[in-house]
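[1] Fold the stuff below for me.
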Amino acid sequence: MKISILDQAPVYEGASNFQALQEALRLAQTGEEYGYTRYWIAEHHDLKGLACPAPEIMIGYIGGQTKRIRLGSGAVLLPHYKPYKIAEQFNLLATLFPGRIDLGIGRAPGGSAEASMALSDNFLEKVWKMPELVKELLNFIRGTFASDHLYAKVKPSPVPDQPPIPWILGTSPKSAVLAAENGTGYVFGQFMSDHDPAEIIQDYYHNHKSNALLPEPNAILAVSSICALDSDYAQSLAFRNAIGRLKQDKGEGGGLPGREEAEHYPLTADEKGLVEAYKNAIIAGNPSEVGSRLMETAEKNHVDELMIITRTPDYQERLVSYQLIGKEIIKK
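    Below you'll find the predicted structure:
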């Protein structure tokens, strides 16, 4: 089984934006050292505690300081942009780092309504046009516009020898349909979805349209996981994550609460059930426990690659979690 990293470039308490981005680089380098397949970084806009609005810039920065690990966006938020510009950016990255670039595409706003307006006045209109935007972007990447199309002679230069591999990221059956119809890879974000991924991923496999870039379907399951030498400590971090997610749902901010705050946060009966569900969705424990659950999760959902997102109180604990998982699964 392959293991990969999904990073949101968190700005932990007391850290600067600069430190957060340096820690993103350190995490990618550690992933490469421990044999992770790919490192992807997310796009967010003016969200407190997250430092990366431009994955394409960070991919270039990290690519110059790594050698083998695949690098990608998790995801570029397509409705904000013109497909041609994204094709140019990722063709440039694929030219600089041959055979290492993934183009992950999403349709979330990645920030507030005001931030979306500042980026693109007609975001909601572009969301409705997402299927058209995806097709246009893929035609640029694959060079497959019809000969009579307006853009048939427009090249997103530089055109690399090995194009970036396109992926669609999502949390519902609709995204799987879009990925299958367009013959892209597919990533299901289980860590932020209430849907059961198994059937959705199977539908993607069954309906995937083969093409030169991706002859066979390829699916990844993105999960939340925390690994520590002490299982009880890992579980306590999972509980704090669950409280943080509830606070985010309630518009109270999405940072990881402190131990005292989490333990004494007032919960209604319904909220207690929700927190328990959020906690149980996180694969937390010691290396043996986490390794077993990750393998079971992959087998249950018919994928051979998991992408892990980890939220801890500080960068060193996050790094250790990925190292322990790498030792348990990749280097065992």
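
[2] Direction included, what does the lengthiest strand in the chain pair up with?
    Across the chain, the longest stretch assigned as strand under DSSP state E is strand 219-227. Using DSSP bridges, the strands paired with strand 219-227 are strand 185-189 (parallel), strand 283-285 (parallel), strand 305-309 (parallel).

[3] Give the burial count for the spatially closest residue to residue 314 that is not a sequence neighbour, as a bare number.
    Distance criterion Cβ to Cβ, 6 or more residues apart in numbering; nearest residue to residue 314, sequence neighbours excluded, is residue 12 at 5.7 Å. Every residue, glycine included, has its C-beta placed from N, CA and C. By other Cβ atoms under 10 Å, 18 other residues sit near residue 12.

[4] go on, residue 129?
    Quick note: residue 129 (other Cβ under 10 Å) scores 14 neighbours.

[5] just residue 150 next, same as before
    Neighbour number of residue 150 under other Cβ under 10 Å is 8.

[6] Tell me which helix or strand it sits in.
    Residue 150 belongs to no helix or strand when assigned by DSSP states H and E.

[7] hmm, back to that, out of the strands paired with strand 219-227, the one nearest residue 21 is which?
    strand 305-309 (17.1 Å; Cβ to Cβ).

[8] Tell me the buried residues in the closest one?
    Within strand 305-309, the residues scored as buried using 16 or more other Cβ atoms under 10 Å are 305, 306, 307, 308, 309.

[9] Out of those residues, which comes closest to residue 281?
    When the buried residues of strand 305-309 are compared for distance to residue 281 (Cβ to Cβ), residue 309 wins out at 11.6 Å.

[10] just to revisit the earlier point, got the buried residues for the following helix or strand past the longest strand of the chain?
    For strand 219-227, the following helix or strand on the C-terminal side (DSSP H and E) is helix 231-249. Neighbour-count burial for helix 231-249, counted by 16+ other Cβ under 10 Å, picks out 231, 234-247.

[11] with the residues you listed in mind, which one is nearest to residue 197?
    Closest to residue 197, out of all of these and judged by Cβ to Cβ, is residue 245, at 18.1 Å.

[12] Next one: that closest one from residue 257, what distance?
    As judged by Cβ to Cβ, to the nearest Å, residue 245 and residue 257 stand 10 Å apart.

[13] mind checking which of the strands paired with strand 219-227 is nearest residue 92?
    strand 185-189 (20.5 Å).

[14] Let me know the angle separating the very next helix or strand once past the closest one from strand 185-189.
    Past strand 185-189, further along toward the C-terminus, the next helix or strand under DSSP H and E is helix 197-207. Angle of helix 197-207 versus strand 185-189, following axes from the mean of the first three to the mean of the last three Cα atoms, to 10 degrees, is 170 degrees.

[15] Quick check: residue 303 touching residue 204?
    No. Assessed by Cβ atoms under 8 Å, residue 303 is found out of contact with residue 204, at 10.3 Å.

[16] Now list whatever residues contact both of these two.
    residue 219 (Cβ atoms under 8 Å, 6 or more residues apart in numbering).

[17] In terms of packing, which of the two has more residues around it?
    Set side by side, residue 303 and residue 204 show more neighbours around residue 204, with 28 against 23, by other Cβ under 10 Å.

[18] so what's the closest residue in space to the more buried one that isn't next to it in sequence up against?
    Once flanking residues are discounted, residue 204 sits nearest to residue 176: 4.2 Å by Cβ to Cβ, 6+ apart. Contacts here follow Cβ under 8 Å, 6+ apart; on that basis residue 176 touches 170, 186, 188, 200, 201, 203, 204.

[19] From residue 207, how far out is residue 176?
    8 Å.

[20] Same check on residue 215?
    Using Cβ to Cβ, we find residue 215 at a distance of 15 Å from residue 207.

[21] just residue 262 next, same as before
    42 Å.

[22] can you list the domains in the chain?
    Structural domains assigned to the chain are 2-229+286-330, 233-283, following automatic domain parsing.

[23] Need the distance between the two termini of the first one.
    So the one you mean is domain 2-229+286-330. This stretch, domain 2-229+286-330, spans 8 Å end to end (Cα to Cα, to the nearest Å).

[24] that older thread, so which of residue 262 and residue 207 has more stuff around it?
    Each of residue 262 and residue 207 has its neighbours counted (other Cβ under 10 Å); residue 262 has more, 20 against 13.

[25] Am I right that that one is in contact with residue 240?
    Yes. Using Cβ under 8 Å, residue 262 is in contact with residue 240, at 4.4 Å.
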